[in-house]
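>>> okay, sequence plus prediction incoming.
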Amino acid sequence: MDFGLFFLMQRDDAWSERAVYDSVLEQMLVAESLGYHSVWIAEHHFSDYGLCPAPPVLASFVAARTATLPGLDTALALRSMRLFADEVAPAMTPVAHGA
């Protein structure tokens, strides 16, 4: 059985956007060493409910810094397949270590 982590990236008044991103990225990068097989990033726009408007960008950051986490899986969820095929996949494949 494979396990993954889902990140909503919520922010409240006690956390700055930078603190949320720092915390989430730290958790994503340590997930690999803890045996997780994937990370999932929620997409939200103009809301503190979720701070990430572009999950493929964040997924490419994580994929470039891990050996086994499949950043491409994260980018695929609920994305336009045309957008993925045209813009995301070619940009992420070299940094995702073949994931």
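Alright, I've got the coordinates. Residues are numbered from 1 along each chain as shown.
>>> now the nearest residue to residue 55 once chain neighbours are set aside: how far from residue 13?
Nearest residue to residue 55 in three dimensions, chain neighbours excluded: residue 41, at 4.0 Å (C-beta to C-beta, 6 or more residues apart in numbering). Using the backbone N, CA and C atoms, a C-beta is placed for each residue, glycine as well. Look at residue 41 and residue 13: by C-beta to C-beta, to the nearest Å, they are 23 Å apart.
>>> okay, those two: which has more neighbours?
Remark: of residue 41 and residue 13, residue 41 carries more neighbours, 25 against 6, as counted by other C-beta atoms under 10 Å.
>>> hmm, the more buried one is touching residue 58, no?
Yes. Using C-beta atoms under 8 Å, residue 41 is in contact with residue 58, at 5.5 Å.
>>> need the contact list for the residue nearest to residue 55.
Listed by C-beta atoms under 8 Å, 6 or more residues apart in numbering, the contact partners of residue 41 are 7, 9, 52, 55, 58-59, 74.
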